[in-house]
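fold the following for me, if possible:
(chains A and B)
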Amino acid sequence: MANIEQLIEQANKKALEIIQNGQPTLVDVSTAGEAIPGMTKKSIFHAGPPCKWENMSGPLKGAIMGALVYEGLAKDAEEAEKLAASGEIEFGSCHEHSSVGPMAGVTSYSMPVWVLQNKAYGNYSYCNMNEGLGKALRFGAFGPEVIERLKWMEKVLGPVVKEAIKLHGPYDLKTMIAQMIQMGDEGHNRNKAGTSLFIREFAPYIVETSFSQKDKVDVLKFMNGNDHFVLNLTMPAAKCTLEAAKGIKYSTIVYTMSRNGTEFGIRVSGLGDRWFTAQANYIKGLYFPGFSEKDANRDIGDSCITETCGYGGFAMAAAPAIVLFVGGTPKDAINYSTSMYEITTEENKMYNIPALNFRGTPTGIDIRKVVETGILPIINTGMAHKDPGVGQVGAGLVNPPMKCFEDALEAFVEELEKEGLA
Amino acid sequence: MLKVNELFKEELKVINMGLRSFANDVKSQDVPVIHVDWRPVAGGNKKLSSLLSRLKSK
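Next comes the predicted model:
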């Protein structure tokens, strides 16, 4: 009789080897329609597990309505809402199309997308570009200023950065993220240093592109005006790293954590494409002036792919300044990172936390350990207003629902039963 | 003399596992104490505990 514990340990060792060896690399900018598998002119992909229109939260609906207007499929929000509910639009989970997107994560045909390749295993991942703070599509805003900015990103930002990458060559994001973590970022809710590194690296090449002076200046100012510009790179970096570890038989390692504003979903390496979902939680944290608990939507976004990969909230000890946005003290930030070692498998070989004597970040969430200890992954994230069209209302900390891990564990044992192993 | 009587003549170093309130009581008497956030497996849930044990070698 096979030793099931050994089978699991071997499978997890393989999964961690793949995750640790990942080489996420920025290789190009394209459009969603050209690059993302399965994208059509009538597709809208979104953050989190699959979701029907009637179950979607306010910010996700708002973002979809905005995208339909942006794509010219609807002339205004009212028409967009009718179209979205009509069944004509194909909704899909970004994750099921090698993509990720922050907050609503809405990705549509014409949007410029980052193209990453995991050079160690060859697989690709994609992500739209970060619009900046305030009223943005990803928070469910859909007014004319949002659409105008999306058009500028399509016509100017995307093409300029595409040419700059061509001049520069592929960019190693693993090294960038490692440096970020040693500079006070954690790669999810604090990306200031990473954005600075990116601009420093690419500014000369942006200047060298064939675009007008105005376009180049506008692009540089746009990037500089958004401290989270590289979030849309740290996320697909985690995505292509983890996706390579999908489908390892007997592995209990989590390779996806994500939310659509209604439900939280996880996926486990040894259980393939199956989602394990439960109602998403509310975030606890600090609110922007004028907002409070009653305004916030449930947890939303693909951005916790960063935590899944061992940074984000798991690297909070590296980003003590973040407590100014999410609450707590720097000691709390250290405690959160430290507790994550209880539910993970290895210390990351590349992402080291100075405040923990350069200990590698907690990497490889094991569903067994989550259920056994009762310790849930900690996620550091933004809060969207529950109504479409408003925007961000604060930032804070949240956990996935334990039910996702419990259901995954039950399913895992059932699969072993079918093989006569448990 | 019992050895335990010797123990209480020395400076005590306390590790508390389980209920935090016990650690707080000791701390309030200025005795150094570390609280260990111990919990039963799967929070005491028998079904989950059983599932976990099925994944362990016999």
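
next helix or strand past the helix or strand harbouring B:V4?
Following DSSP states H and E, the helix or strand that holds B:V4 is helix B:3-7. Using DSSP H and E, the helix or strand that follows helix B:3-7 in sequence is strand B:14-17.

which strands and helices sit next to that next one?
Contact here means 3 or more CB pairs under 8 Å, 6 or more residues apart in numbering or on different chains; DSSP states H and E; on that basis strand B:14-17 packs against helix B:20-27, strand B:33-36. In this view, the C-beta of every residue, glycine as well, is placed from N, C-alpha and C.

mind listing what's buried in the shortest one?
In other words, strand B:33-36. Under the neighbour-count criterion of 16 or more other CB atoms under 10 Å in any protein chain shown, strand B:33-36 has B:33, B:35 buried.

can the helix or strand following it be found next to chain A?
Using DSSP H and E, the helix or strand that follows strand B:33-36 towards the C-terminus is helix B:46-54. Yes - when contact is scored as CB under 8 Å from any CB of the partner chain, part of helix B:46-54 falls within range of chain A: B:48, B:51-52, B:54.

which members of the residues you listed are classed as buried?
Neighbour counting with 16+ other CB under 10 Å marks B:48, B:51-52, B:54 as buried within those.

beta partners for the most centrally placed residue in chain B?
If you average the C-alpha coordinates of chain B and look for the closest C-alpha using CA atoms, centre = their mean, you land on B:M17, 1.6 Å from that point. With DSSP bridges as the criterion, B:M17 is bridged to B:V36.

could you check the pLDDT of B:E10?
The confidence metric pLDDT takes the value 84 at B:E10.

burial of it, as a residue count?
7 (other CB atoms under 10 Å in any protein chain shown).

for A:V268, give me its contacts.
Residues in contact with A:V268, defined by CB atoms under 8 Å, 6 or more residues apart in numbering or on different chains, are A:251-255, A:274, A:276, A:367, A:408, A:412.

same question for A:L271.
Contact analysis of A:L271 by CB under 8 Å, 6+ apart lists A:408, A:411-412, A:415.

same question for A:V160.
By CB under 8 Å, 6+ apart, A:V160 lies in contact with A:206, A:209, A:211, A:215-216, A:219.

please tabulate those in a markdown table, including the columns pLDDT.
Conversion of the contacts of A:V160 to a markdown table gives the following (pLDDT from 0 to 100):
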| residue | pLDDT |
| --- | --- |
| A:I206 | 98 |
| A:T209 | 98 |
| A:F211 | 98 |
| A:D215 | 98 |
| A:K216 | 98 |
| A:V219 | 98 |
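
of those, which is the most crowded?
Comparing the contacts of A:V160 by number of neighbours (other CB under 10 Å), A:V219 comes first, having 26 neighbours.

tell me which helix or strand it sits in.
Under the assignment given by DSSP H and E, the secondary-structure element containing A:V219 is helix A:213-224.

packing partners for that helix?
Under the contact rule (3+ CB pairs under 8 Å, 6+ apart), helix A:213-224 is packed against helix A:158-168, helix A:192-208.

give the contact list for the closest residue in space to A:Y255 that isn't next to it in sequence.
Across the structure, with CB to CB, 6 or more residues apart in numbering or on different chains as the measure, the residue nearest A:Y255 apart from its sequence neighbours is A:L242 (4.4 Å). Taking CB under 8 Å, 6+ apart as the criterion, A:L242 is in contact with A:19, A:22, A:255-256, A:305, A:308-309.

cool, B:V14 as well?
Remark: with contacts taken as CB under 8 Å, 6+ apart, B:V14 is in contact with B:23, B:26, B:31-34.

again, but for A:C51
When the contact criterion is CB under 8 Å, 6+ apart, the partners of A:C51 are A:60, A:91, A:93, A:260, A:262-263.

apply 7 Å and report the result again.
Residues near A:C51 by CB atoms under 7 Å, 6 or more residues apart in numbering or on different chains: A:260, A:262-263.
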